[in-house]
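Undergrad: sharing a model that was predicted from the sequence below.
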Amino acid sequence: MISTRFRRSVLAAIIVLTSQYGGAKQSQDSALAPEYHKWLDEDVRWLISAQEEKEFLKLTTDEQRDHFVVEFWEQRNPNPGSKENAFKEEHYRRLAFSNQHFAERVPGWKTDRGHVYIVYGPPDSIRKHPLSATNPSEELWSYRHVTGPDGDVTLKFIDRCACGEFVLVGHLPSLR
């Protein structure tokens with residue numbers, strides 16, 4: 001059995017580490033105007049690479065940030081140089097869908113289902129298993145265009161608290 005003293009020590013260490021990390025990130029982000037902060041932490045949270053985020057945070061002017069944002073979307077544009085960017089439009093559609101359909105105690109984009117939906121889009125099929133006396137509610141999302149070690153990928157989300165908060169069981173290496 002774990003002693004209360006040990007648990008308190010571990011909790012204290014976690015609080016210290018969390019506050020140190022949070023403080024460092026906050027000081028980096030503090031120079032950002034609210035629209036850039038939202039773009040980075042919400043709009044492109046599941047798309048931007050760690051390297052791109054690092055580069056963005058090094059920028060010192062809004063003009064540089066605006067240019068970065070334009071280039072970020074242009075690099076993902078299926079028709080480079082065109083005024084319409086189908087990738088960007090689809091991304092914001094998925095973001096809105098996630099916020100509308102997967103919001104729980106947090107916005108939908110922050111949930112596991114929202115994260116997967118934003119990155120991979122709508123699943124090819126969803127099997128729902130309602131709450132029973134012996135099992136929590138679950139959803140199985142299958143994707144044919146996402147390949148795993150055994151072919152197609154099926155993701156399992158479970159609502160352990162019977163409160164609408166579906167949590168991904170396991171993970172995919174490519175999920176950020």
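TA: On my side now, so go ahead. Source: prediction; values computed, not measured. Residues are numbered from 1 along each chain as shown.
Undergrad: make sure Ile158 is indeed in a strand.
TA: Yes: assessed with DSSP: H, G, I helix; E, B strand; the rest coil, Ile158 lies in a strand.
Undergrad: so it bridges to which residues?
TA: Glu138, Val167 (DSSP bridges).
Undergrad: check what pLDDT it gets.
TA: On pLDDT, Ile158 comes in at 95.
Undergrad: ok, now Asp152?
TA: 78.
Undergrad: which of the helices or strands spans Trp141?
TA: Following DSSP states H and E, the helix or strand that holds Trp141 is strand 137-148.
Undergrad: now what about that strand, what contacts it?
TA: Here strand 137-148 makes contact (CB atoms under 8 Å, 6 or more residues apart in numbering) with 113, 116, 120, 123-131, 152-159, 162, 166, 172. All C-beta spots, glycine's among them, are computed from the backbone N, C-alpha and C.
Undergrad: flag every buried residue along that strand.
TA: Buried residues in strand 137-148, counted by 16 or more other CB atoms under 10 Å: 137-139, 141, 143, 146.
Undergrad: so how far is Asn99 from Val106?
TA: 10 Å (CB to CB, to the nearest Å).
Undergrad: state the pLDDT value of Gln26.
TA: pLDDT at Gln26 comes out at 42.
Undergrad: which residue ranges of the chain form helices?
TA: Counting by DSSP state H, the chain has helices at residues 4-29, 34-38, 50-58, 62-75, 86-101, 112-120.
Undergrad: can you pull out the low-pLDDT segments for the chain?
TA: 1-30, 147-151, 171-176 (pLDDT under 70).
Undergrad: hmm, try it at 90
TA: Scanning the chain for pLDDT under 90 picks out the ranges 1-32, 104-105, 130-136, 144-154, 160-164, 170-176.
Undergrad: now the closest residue to Phe157 other than its chain neighbours: phi and psi?
TA: Of all residues not flanking Phe157 in the chain, Phe166 sits nearest, at 3.9 Å (CB to CB, 6 or more residues apart in numbering). As for Phe166, its main-chain torsions (degrees, to the nearest 10) stand at phi -80, psi 130.
Undergrad: cheers, nothing more for now.
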